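S.K.: Turn this into a model:
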Amino acid sequence: QFQYGDPGRPKNATRESTSTLKAWLNEHRKNPYPTKGEKIMLAIITKMTLTQVSTWFANARRRLKKENKVTWGSR
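M.R.: As a prediction, this is how the structure comes out:
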């Protein structure tokens, strides 16, 4: 558990880290579900936690669906 204001607490996603995630998403529009290995790699690159990366993708897929009415195969 992190306390509010804890210096060890992960920061919100930066524009730099989201651009990495957006790039991955763009290249995988047909199947925007990163594997666990891909999520781990993306978490390391973006300095985010695995949970943050997973949440970002869930939200990004929701945004894509809303904007484009995109449909993709299930995992």
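S.K.: longest single helix anywhere in the protein?
M.R.: Assignment by DSSP state H gives helix 50-68 as the longest helix of the chain.
S.K.: ok now that one, how far from the chain's centre?
M.R.: Taking Cα atoms, centre = their mean, to the nearest Å, the mean C-alpha location of helix 50-68 is offset from the chain mean by 7 Å.
S.K.: Tell me the buried residues in that helix?
M.R.: Residues of helix 50-68 classed as buried: 52, 53, 54, 56, 57, 60 (neighbour count, 16 or more other Cβ atoms under 10 Å). Quick note: C-beta positions are derived from backbone N, CA and C, even for glycine.
S.K.: isn't the fourth one right up against residue 21?
M.R.: In this case it means residue 56. Yes - counting by Cβ atoms under 8 Å, residue 56 touches residue 21, with 5.6 Å between them.
S.K.: residue boundaries of the helices in this structure?
M.R.: Remark: helices assigned in the chain by DSSP H are 15-27, 36-46, 50-68.
S.K.: Show residues contacting the first one.
M.R.: Applying Cβ atoms under 8 Å, 6 or more residues apart in numbering, the external contacts of helix 15-27 come out as 13, 32, 34, 38, 42, 45-48, 53, 56-57, 60, 64.
S.K.: Kindly report the same for the last one.
M.R.: Applying Cβ under 8 Å, 6+ apart, the set of residues contacting helix 50-68 from outside is 10, 13, 18, 21-22, 25, 29, 32-34, 39-40, 42-43, 46, 48, 70-71.
S.K.: Which members of the contacts of helix 15-27 are the farthest-apart pair?
M.R.: Largest separation among the contacts of helix 15-27 by Cβ to Cβ: 47 and 64, giving 24.1 Å.
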